[in-house]
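> Next one to model:
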Amino acid sequence: MHARTTALTALAALTLSLGPSGTGRTAERPGDLVSSAPTVFRPLPHQPTATRAWHIEYRSTTAKGAPNTVSGTVIVPADGRTRPRPLVTYAVGTVGLADSCAPSAGFPRGTTVEAGLIQLLTMRGWAVAVTDYEGLGTPGDHTYTVGPAEGRAVLDAARAAQRLPGAGLSAATPVGIMGYSQGGQAAGWAAELHAGYAPELRVKGTAAGGVPADLLAVAAHHHGSTGAGAVLMSAIGQNAAFPELRLDTYLN
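Purely as a prediction, here's the structure:
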């Protein structure tokens, strides 16, 4: 019994020392992988693609600078390419606040709205990293429209893709940043944060569209319309990042 207990203790210690990826260290740096597992990328229900995909969880940083864990997906064309390929870290537009709305949740079912655009990137032979953002696919509320959290999640998704075994990417991989709507905000923040937060990434360009830069102007535009739901979502997102706002005290 003593020998069995000692063996189990040693095995547990070894597991902890190796970390989730078996690399000999735990995930501590932004972009380090916490876990990875094969998944499927489908632009539409039942539509196959010539790609390999992984669902990942990786380290990132909150708006306040604290470490957190974010989920996402890495998609690589299964085209037999051996030379280096570019990587696009892609930020999706507004999808919702529930974990079931996360891009990674919809890819296997073919229900992620922007999957068709992502497929166009993979058809060019480019790898794509798609963040779920903070709190969308992981515990906690989604920090919707909180630019610093979104931008860091986008940059760290690229780091995680480069560190993913089997993806064929490396620190020398050229990186592009892309997003529209909420994704445009996230892409813009990623571009601004790049030099100070992830200077080692070889970012070659950013495409950001439909950027909600002035949130007060966006709120005024949506006042009294169905878009007011997005304003409430934004308030929830800001409260998730900055709980001292105490959103509940403003509601009835």
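
> In which helix or strand does Ser104 reside?
Ser104 belongs to helix 103-106 when assigned by DSSP states H and E.

> Next secondary structure after that helix?
Downstream of helix 103-106, the first helix or strand assigned by DSSP H and E is helix 115-123.

> Give me the buried positions along that next one.
Residues of helix 115-123 classed as buried: Ala115, Ile118, Gln119, Leu121, Thr122 (neighbour count, 16 or more other C-beta atoms under 10 Å). Where C-beta positions appear, they are placed from N, C-alpha and C, glycine not excepted.

> what does it contact?
Residues outside helix 115-123 that contact it (C-beta atoms under 8 Å, 6 or more residues apart in numbering): 41-44, 49, 51, 75-77, 88, 90, 103, 106-107, 112, 128, 130, 178.

> ok so, going back, show me what the helix holding Ser104 is packed against.
For helix 103-106, the contact count by 3 or more C-beta pairs under 8 Å, 6 or more residues apart in numbering; DSSP states H and E identifies strand 67-77, strand 127-131 as packing neighbours.

> One more pass at 10 Å, please.
strand 51-61, strand 67-77, helix 115-123, strand 127-131 (3 or more C-beta pairs under 10 Å, 6 or more residues apart in numbering; DSSP states H and E).

> how much space between the spatially most central residue of the chain and Pro165?
Residue closest to the average C-alpha location in the chain (C-alpha atoms, centre = their mean): Thr131, at 1.6 Å. Thr131 is 19 Å from Pro165, where distance means C-beta to C-beta, to the nearest Å.

> try Leu216
Using C-beta to C-beta, Leu216 is found at 45 Å from Pro165.

> do Val92 as well
Going from Val92 to Pro165 by C-beta to C-beta gives 25 Å.

> The nearest residue to Thr173 once chain neighbours are set aside: neighbour count?
Excluding its sequence neighbours, the residue lying closest to Thr173 (C-beta to C-beta, 6 or more residues apart in numbering) is Leu87, at 4.9 Å. As a burial measure, Leu87 scores 27 neighbours (other C-beta atoms under 10 Å).

> what bridges to Leu87?
For Leu87, the beta-bridge partners under DSSP bridges are Ala127, Val175.
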